[in-house]
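Chemist: quick one: sequence plus predicted model below, questions after.
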Amino acid sequence: MTLHITGDAAADQLLTDDPLALLIGMLLDQQVAMETAFAGPLKIAERAGTLDASALASFDQDAFAELFKATPAVHRFPGSMAGRVQALCAAIAQDWAGDAAAIWRRDDPDGQTVLKRLKALPGFGEQKAKIFLALLGKQYGYSGDGWREASAPYGEDASHRSVADIVSPESLALVREHKRAMKAAAKGA
């Protein structure tokens, strides 16, 4: 399994190999292009010299925000997103012993349990947690009972709703089209 989200081989490999990178990418996926959000963990790792949850959580806040501001910026809102990443890393360090994958691996959890665990993370509301659960199930090898139902509608087979469905440039275009249609429908309502 190799993820193909960013169009950058190194960034995609980090997302594939490091569960914390994938969680951080999902956290950053708001108000920026998906590729930018999911390329963020590689920028953080290169600039901070680590992608260890405890190390990032304890990084000096101002210095960490500066890492986000360096060109190219990690996110269009570097200060607030740096704080959110540190809060997420603190939760992973404290609640999951620094092992992000434990969220979906510890005690062989079913889909509802993983969804509940994700929603307990800083910065992960209902929709973000469902999208991430769908990403785990569709592309990251998670096969816990009921994951499709727990991640609905993002877990639907052959859909093009979210980052969970991006496996190629073509599928990225279909996801973008779906998002445009949803925004247009919301404006018309």
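Modeler: Structure's in. What do you need?

Chemist: look at the residue most central in space within the chain and report its pLDDT.
Modeler: Against the mean C-alpha coordinate of the chain, by Cα atoms, centre = their mean, the closest residue is residue 26 at 1.7 Å. On pLDDT, residue 26 comes in at 98.

Chemist: got the CA positions of the one helix or strand residue 13 maps to in CSV?
Modeler: Using DSSP states H and E, residue 13 maps to helix 9-17. Presented in CSV, the C-alpha positions along helix 9-17 are these (Å, rounded to 0.1, in the frame of the first residue of the first chain):
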residue,chain,number,x,y,z
ALA,A,9,6.6,11.1,-3.9
ALA,A,10,8.5,11.9,-0.7
ALA,A,11,5.5,13.5,1.0
ASP,A,12,3.3,10.5,0.0
GLN,A,13,5.8,8.0,1.2
LEU,A,14,5.9,9.7,4.6
LEU,A,15,2.1,9.6,4.8
THR,A,16,2.3,5.9,3.9
ASP,A,17,5.0,5.1,6.4
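
Chemist: that helix packs against which elements?
Modeler: helix 19-28, helix 34-48 (3 or more Cβ pairs under 8 Å, 6 or more residues apart in numbering; DSSP states H and E). Just so you know, the C-beta spots here come from the backbone N, C-alpha and C atoms, and that holds for glycine as well.

Chemist: off-centre distance for it?
Modeler: 13 Å (Cα atoms, centre = their mean, to the nearest Å).

Chemist: now stretch 88-102
Modeler: Distance, centroid of stretch 88-102 to centroid of chain: 14 Å (Cα atoms, centre = their mean).

Chemist: in that stretch, what counts as buried?
Modeler: 88-93, 96, 98, 100-102 (16 or more other Cβ atoms under 10 Å).

Chemist: no further queries at this time; thank you.
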